[in-house]
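S.K.: sequence and predicted structure are below.
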Protein chains: 4
Amino acid sequence: MSETIGFIGLGRMGLPMARSLMEAGCRLRVYNRTPEKAAPLVARGAARVERPGDVAEPGGVVFTMVSDDRVLEAVTLGEEGLRDRLGEGGIHVSQSTIGPETARRLAKYHEEHGARYVAAPVFGKPEVAEAKKLWVCLSGDAGARERILPMVRAMGQAVYDFGEDPGAANVVKLAGNFVIAAAVEAMAEAFTLAQKNGIPREQVHELFSQTFLACPVYRNYGKLIAAEHYEPIGAVPSMIQKDMALVLDLAQASLTPMPFAGIVFDRMTATVAKGRDDIDWAGFAQEVSESAGL
Amino acid sequence: MSETIGFIGLGRMGLPMARSLMEAGCRLRVYNRTPEKAAPLVARGAARVERPGDVAEPGGVVFTMVSDDRVLEAVTLGEEGLRDRLGEGGIHVSQSTIGPETARRLAKYHEEHGARYVAAPVFGKPEVAEAKKLWVCLSGDAGARERILPMVRAMGQAVYDFGEDPGAANVVKLAGNFVIAAAVEAMAEAFTLAQKNGIPREQVHELFSQTFLACPVYRNYGKLIAAEHYEPIGAVPSMIQKDMALVLDLAQASLTPMPFAGIVFDRMTATVAKGRDDIDWAGFAQEVSESAGL
Amino acid sequence: MSETIGFIGLGRMGLPMARSLMEAGCRLRVYNRTPEKAAPLVARGAARVERPGDVAEPGGVVFTMVSDDRVLEAVTLGEEGLRDRLGEGGIHVSQSTIGPETARRLAKYHEEHGARYVAAPVFGKPEVAEAKKLWVCLSGDAGARERILPMVRAMGQAVYDFGEDPGAANVVKLAGNFVIAAAVEAMAEAFTLAQKNGIPREQVHELFSQTFLACPVYRNYGKLIAAEHYEPIGAVPSMIQKDMALVLDLAQASLTPMPFAGIVFDRMTATVAKGRDDIDWAGFAQEVSESAGL
Amino acid sequence: MSETIGFIGLGRMGLPMARSLMEAGCRLRVYNRTPEKAAPLVARGAARVERPGDVAEPGGVVFTMVSDDRVLEAVTLGEEGLRDRLGEGGIHVSQSTIGPETARRLAKYHEEHGARYVAAPVFGKPEVAEAKKLWVCLSGDAGARERILPMVRAMGQAVYDFGEDPGAANVVKLAGNFVIAAAVEAMAEAFTLAQKNGIPREQVHELFSQTFLACPVYRNYGKLIAAEHYEPIGAVPSMIQKDMALVLDLAQASLTPMPFAGIVFDRMTATVAKGRDDIDWAGFAQEVSESAGL
């Protein structure tokens, strides 16, 4: 993996992901809206460019990890975006959490210009990205998936392949974020029930997370919810509220009633409406405690 | 542990739990409403008695593992029940999933007759009980807890202690069953969303249960929900619906709003109302598929 | 209607209801836990007694309008209660909002003592009771219903008969309270949506209550919700929360999933848990505004 | 009102609304995708045109009553649409149920071409439109509202004015449709609870609709829900599901948690997913009966 690749989006997640690529031997051209964030990578030899489209070279690979569908469309289709700069044989590896329809539309666009689109959204918090332990979901053009596989492997501990549909990996990513949000609500209700009946939240968390729910989601988010201390921030509530809106959009489009999704979306909406966007998104669990008068 | 102890309730869970006690060296006097179910234990040397109260001897230990609060009250306070037969120093180890108020009432009753009550509900399916891998929650009188600790250890892989309140262990048990039920609903919604967007349920299950949700609940129940095949039966829907009713009663009594609990209770109610009580309780997940027109 | 009848329970509703009976020509023996509340009736000639059972005379009629099932059972079956004092031919007209099972149990008790039980719960706020404009639901023994019909007519503008089952009128009363509570939540969501989109709550209320929803519930409760001023108090939140608990109990016993009932119950629970029990119960609508950050 | 005006959209609602305009003295130029539907109006002297834009004349008035945002945008901005044909002083009276953002976007477009946009969505079923008894919500440019007021008055029994914001009337229309849908769910839950407790649905409907809920929504929809016979069709489920999607979009955009809206949307989604789109939309109430095993 000695080739030079592009990377757009150096936020909480993008920065360590890009670093993993460098540590695996790739040379990087990077772009970020706030250019200072590129400094740690530039210090290691990455080239910082002024416009998103400049990270691309004909036939090359570009990774994007941005905040939402709108930004992804801007860096892809905008005046200064990737557009046709990937050229014949180029690949756009799209790792943002977006709606599958956006993924399919961009895949079609690239295809019309000879390039390919691979969806590669990831599961894991920033520290997991640091540790190169992300779980990567993959879908899109078969040849392109094969070519970029070593690159995404450099970021994570496992890759799950969902086939040709460029939207598929994002459906799975949204389903996953929903299941995690539902686990947060469930723990919040359970811990609050215990607390109001005289049992410390931490003791219930300990039992759950060491036994039938001994896995990262219950262990890590459970710790925040038990302590009611929502830091450090993996993502802010408005960010995951956006994801839940995508879940509901998808549910709507595919005629899938999802009552749990409705509830967690309402919780996050309340959290954002009350101006509490400066904690980890799991902090929507506070809504549960408060509704119980705590 | 060479003493003779009593055991009431030899159902799907009670039978393997009683067997674990025998294998740890205890002699057993057993009672079950349907006497034939005692046969496997009698074959190993257990004494079968005709009335629940006859399993007790003054100062001895009696385990109960029955279907609900009403049955537990009958075998404890009924004409032919334990009543005052435990006598001074006797211990009632109550392992059924019941409401904490019933536990506290029975604890008080025993105390008035010189005996003690220990709540020891368990987590785990029948095959987990067979394997002596249950997780046991404990609460109640300190001395009694100490005395029976080796016995419940013989049934499980870990014991969690929740202190003096005889109702505490059952609060935690109910909270746990609720969190598991919420996980079932969440997986059902997620898998259905995936399926309606062209992605096999099993692939999503594989991802979840190998990564951020790699734990027994998501692995085991997830397998049933992915395959939409709800067998073998760990417990029937009406049994866990009863548990969720206890959760809602407790939520009501302690002023704890629990919207997720309301939804899963409604799902199980619909399942029972439609006469589908001959599958594993996780089969309420079918309600999700059907509401999506599958 | 010149006979002397008994009346137990002179609260916000009971007092004007008893007064209506007096104004229709009945003589009254009255009992209330707080005896001072009887003063306005005593001033008009009613006899105040010291124990609930003393309002009864053999073969006579006794009305009860108390706060819940427990109190009704106390004044009926308690040491100083009605018990067998109604005697052969006596009638207990029970107007409290209680569960149908309590009604059926008390009906059976009276029958065993030669007396009869008629359920006669009412719809309407205290001022409606003052105006003798209540709506009365009736069920129970046919002969008894016929005899007391002129009495309940003296309280209201219309009587609806639901037949022989002594529990039936209470099922309908609970269903009605639920539908009203659901209307409160629906208006709260609609008005809050309008407000957050720049439209005054009152304008939306005006439209609804003058057109397709031109009826007392939307007009009267809507006015409180539009103004977000929850006075005067018809009933406090904890009182109607108790009613919603009865609704959920009934739904549970009859295997009827009721998601709206779950939501309004949770809203009222939150209201009570936060200590806001000094406004009209429709004030649970504040939960909606607050969740929207208002 | 002797002027010639345009009318686009002659469906279940549009046809009687256009007829009301003719009966009030207006001459009409009409367009409908399925041209045969214009026949009753042509028989009365209306001129049928081939393209939507042809109903307009410079400075004139055009009404639109189409199925959704997309169709309205097509007949307004499409190649053959109204576009700039309204000219200086022209007015677009938009009566469809659409999102407020679409209304604001179209208002801006017209303004850039010298014309004005007035939102005038209506409440009432087709037979109410026939009887000229609709309730009309109005918002948009003040002068334009004044000019078209006599026209919308010819269609209805009352007009409610929500000021200058062209999106306001649609916010109110969506809020209204939501409240009606919530009333349907509430009645369905209440009637089902009664039925499962031995009380005929019709008797409960009679009580509600004659007393505290004596208004068109509870009287008319209640009749369908009590009888569980969802005809005649006012609008099909997929049509109102679309409206609820607009409600949820609006709730999302304005950070307003609306749990009842989530539930009724899920009910309608299930109804459509099961292929039951050939009854009146209130038929989503069947989901309630079925979940109770009826």
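M.R.: That came in fine, so what should we check first?
S.K.: the residue nearest to residue A:232 when sequence neighbours are not counted - how many residues pack around it?
M.R.: In space, and not counting its chain neighbours, residue A:232 is closest to residue A:280: 7.0 Å by Cβ to Cβ, 6 or more residues apart in numbering or on different chains. From N, CA and C alone the C-beta is placed, and that goes for glycine too. The number of residues packed around residue A:280, counting by other Cβ atoms under 10 Å in any protein chain shown, is 21.
S.K.: residues touching residue A:280, list them.
M.R.: Applying Cβ atoms under 8 Å, 6 or more residues apart in numbering or on different chains to residue A:280 gives the contacts A:224, A:230-236.
S.K.: which residues of the stretch 1-150 of chain A lie near chain B?
M.R.: A:100, A:123-124, A:135, A:137 (Cβ under 8 Å from any Cβ of the partner chain).
S.K.: got those as a markdown table, with pLDDT columns?
M.R.: Shown next, in a markdown table, are those (pLDDT from 0 to 100):
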| residue | pLDDT |
| --- | --- |
| A:100 | 98 |
| A:123 | 97 |
| A:124 | 94 |
| A:135 | 98 |
| A:137 | 98 |
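S.K.: which one of those residues sits closest to chain B?
M.R.: residue A:135 (4.5 Å; Cβ to the nearest Cβ).
S.K.: shouldn't the closest one be in contact with residue A:152?
M.R.: No. Residue A:135 is beyond contact range of residue A:152, at 10.3 Å (criterion: Cβ atoms under 8 Å).
S.K.: whichever residue of the stretch 101-250 of chain A sits closest to chain D and residue A:98, how far apart?
M.R.: Per Cβ to the nearest Cβ, the residue of the stretch 101-250 of chain A with the smallest distance to chain D is residue A:245, at 5.7 Å. Using Cβ to Cβ, to the nearest Å, we find residue A:245 at a distance of 12 Å from residue A:98.
S.K.: please say which of the two ends up with more neighbours.
M.R.: More crowded of residue A:245 and residue A:98, by other Cβ under 10 Å: residue A:98, with 28 against 20.
S.K.: can you pull the contacts of the residue nearest to the more buried one when sequence neighbours are not counted?
M.R.: The shortest distance from residue A:98 to any non-neighbouring residue, by Cβ to Cβ, 6+ apart, is to residue A:69 (4.6 Å). Neighbour list for residue A:69: A:96, A:98-99, A:102, A:246 [criterion: Cβ under 8 Å, 6+ apart].
S.K.: go with 6 Å
M.R.: Contact partners of residue A:69, counting by Cβ atoms under 6 Å, 6 or more residues apart in numbering or on different chains, are A:98-99, A:102.
S.K.: and the stretch 101-250 of chain A, which of its residues are near chain D?
M.R.: Listed as neighbours of chain D in the stretch 101-250 of chain A under the rule Cβ under 6 Å from any Cβ of the partner chain: residue A:245.
S.K.: one more time with 8 Å
M.R.: The stretch 101-250 of chain A comes close to chain D at residues A:245, A:248, as judged by Cβ under 8 Å from any Cβ.
S.K.: tell me which stretches of the stretch 101-250 of chain A form helices.
M.R.: A:126-130, A:142-153, A:168-196, A:201-210, A:216, A:222-227, A:237-253 (DSSP state H, counting those that start in this stretch).
S.K.: as JSON lines, those helices with distance to chain C would be great.
M.R.: Shown next, in JSON lines, are the helices of the stretch 101-250 of chain A (distance: least, Cβ to the nearest Cβ, whole Å):
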{"stretch": "helix A:126-130", "distance to chain C": "28"}
{"stretch": "helix A:142-153", "distance to chain C": "39"}
{"stretch": "helix A:168-196", "distance to chain C": "9"}
{"stretch": "helix A:201-210", "distance to chain C": "17"}
{"stretch": "helix A:216", "distance to chain C": "30"}
{"stretch": "helix A:222-227", "distance to chain C": "19"}
{"stretch": "helix A:237-253", "distance to chain C": "12"}
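S.K.: adding mean pLDDT, write those helices out as a markdown table.
M.R.: Output for those, formatted as a markdown table (pLDDT from 0 to 100):
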| stretch | mean pLDDT |
| --- | --- |
| helix A:126-130 | 95 |
| helix A:142-153 | 97 |
| helix A:168-196 | 98 |
| helix A:201-210 | 98 |
| helix A:216 | 96 |
| helix A:222-227 | 98 |
| helix A:237-253 | 96 |
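S.K.: okay, now the unreliable bits of chain A?
M.R.: Scanning chain A for pLDDT under 70 picks out A:1.
S.K.: how about the spatially most central residue of it, phi and psi?
M.R.: Taking Cα atoms, centre = their mean, the centroid of chain A lies closest to residue A:97, which sits 4.7 Å from it. Phi and psi for residue A:97, reported as degrees, to the nearest 10, are phi -90, psi 100.
S.K.: burial measure for residue A:282, as a count.
M.R.: As a burial measure, residue A:282 scores 26 neighbours (other Cβ under 10 Å).
S.K.: against residue A:122, how distant is it?
M.R.: As judged by Cβ to Cβ, residue A:282 and residue A:122 stand 18 Å apart.
S.K.: any shared contact partners between residue A:135 and residue A:152?
M.R.: Jointly contacting residue A:135 and residue A:152 under the rule Cβ under 8 Å, 6+ apart are residue A:159.
S.K.: enumerate the residues of chain A near chain C.
M.R.: A:259, A:266, A:269-270, A:272-275, A:287, A:290-293.
S.K.: buried subset of those as a PyMOL selection?
M.R.: In PyMOL syntax, the buried subset of the residues of chain A next to chain C is picked out as below (16 or more other Cβ atoms under 10 Å in any protein chain shown):
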select buried, chain A and resi 259+266+269+270+272+273+274+287+290+291+292+293
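S.K.: what's the farthest-apart pair in the residues of chain A next to chain C?
M.R.: The span of these, defined through Cβ to Cβ, is set by A:259 and A:275 at 27.0 Å.
S.K.: enumerate every residue touching residue A:127.
M.R.: Per Cβ under 8 Å, 6+ apart, neighbours of residue A:127: none.
S.K.: against chain D, how distant is the closest residue to residue A:154 other than its chain neighbours?
M.R.: Computed as Cβ to Cβ, 6+ apart, the closest residue to residue A:154 that is not its neighbour in sequence is residue A:24, at 3.6 Å. The gap separating residue A:24 from chain D is 40 Å, by Cβ to the nearest Cβ, to the nearest Å.
S.K.: check residue A:281 too.
M.R.: Distance from residue A:281 to chain D, by Cβ to the nearest Cβ: 15 Å.
S.K.: count of neighbours near that residue?
M.R.: Number of residues near residue A:281 (other Cβ under 10 Å) recorded here: 27.
S.K.: would you confirm that it contacts residue A:239?
M.R.: Yes. Between residue A:281 and residue A:239 there is a contact under Cβ under 8 Å: 6.5 Å.
S.K.: what's the helix or strand for residue A:81?
M.R.: Element membership for residue A:81, per DSSP states H and E: none, as it lies in no helix or strand.
S.K.: what about it, how many residues nearby?
M.R.: Residue A:81, neighbours per other Cβ under 10 Å, totals 19.
S.K.: for residue A:90, which non-adjacent residue is closest in space?
M.R.: In space, residue A:90 is closest to residue A:115, 4.0 Å off (Cβ to Cβ, 6+ apart).
S.K.: isn't the one you found right up against residue A:87?
M.R.: Yes. If you go by Cβ under 8 Å, residue A:115 and residue A:87 touch, sitting 6.5 Å apart.
S.K.: higher neighbour count, these two?
M.R.: A direct count of neighbours by other Cβ under 10 Å for residue A:115 and residue A:87 places residue A:115 higher, at 28 against 14.
S.K.: roughly how far does the more buried one sit from residue A:122?
M.R.: Distance of residue A:115 to residue A:122, computed by Cβ to Cβ: 22 Å.
S.K.: ok, now residue A:190?
M.R.: Relative to residue A:122, residue A:190 is positioned 28 Å away (Cβ to Cβ).
S.K.: residue A:221 now?
M.R.: Distance from residue A:221 to residue A:122, by Cβ to Cβ: 17 Å.
S.K.: so which of these two has more stuff around it?
M.R.: Taking other Cβ under 10 Å, residue A:221 and residue A:122 do not tie; residue A:221 has more neighbours (26 against 22).
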